[in-house]
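Asker: Here's my sequence, what's the structure:
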Amino acid sequence: MSTFLTKAVMDFFVAFGIVVGGAMVGGIGAIVSMQPPTHTMLDIAGRIKIWALAAAVGGTIDPMRVIESNFFDGNLSPAIKQILYLLFAFMGAHMGSELVRWMCGGGRG
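Answerer: Down below sits the predicted model:
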């Protein structure tokens, strides 16, 4: 598998795992503290999405710096790769939150 595809798949699953794992452990914490676990899990999955995206791509500043420096230097390939890494991580975080929503039986409302 190519290096690009390997990193893109890893970013997807890291973001996915952060959202699903965080929601599951938050649900356990809700049970321990006598809170409704489904509501807590849905809330955590929605709030942790952006942090899962940032953690999957390796921080918040470095990917933006790569995009900026390469784009303004005329090297579009590294900038496009970085944008695709962000897109894969976003898809993983979003699919993780949708899985939590599905497991909790929550709809769009």
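Asker: Next, the buried residues of the strand or helix carrying Trp102.
Answerer: If you go by DSSP states H and E, Trp102 is part of helix 76-103. Within helix 76-103, the residues that count as buried by 16 or more other CB atoms under 10 Å are 79, 81-82, 85-86, 88-97, 100-101, 103. Where C-beta positions appear, they are placed from N, C-alpha and C, glycine not excepted.
Asker: Packing partners of that helix?
Answerer: helix 3-32, helix 37-56, helix 62-72 (3 or more CB pairs under 8 Å, 6 or more residues apart in numbering; DSSP states H and E).
Asker: Pick the most deeply packed of those helices.
Answerer: helix 37-56 (a mean of 19; mean count of other CB atoms under 10 Å).
Asker: Show me how far that helix is from its chain's centre.
Answerer: 9 Å (CA atoms, centre = their mean, to the nearest Å).
Asker: Check stretch 74-85 too.
Answerer: Worked out by CA atoms, centre = their mean, stretch 74-85 lies 19 Å from the chain centre.
Asker: average pLDDT for that stretch?
Answerer: When pLDDT is averaged over stretch 74-85, the result is 80.
Asker: List the contacts of that stretch.
Answerer: Phe4, Lys7, Ala8, Asp11, Val57, Pro63, Val66, Ile67, Asn70, Phe71 (CB atoms under 8 Å, 6 or more residues apart in numbering).
Asker: Which of those residues sits closest to Ala23?
Answerer: Asp11 (19.0 Å; CB to CB).
Asker: Output the lowest mean pLDDT helix or strand found in this protein.
Answerer: The helix or strand of the chain with the lowest confidence, counting by mean pLDDT, DSSP states H and E, is helix 62-72 at a mean of 73.
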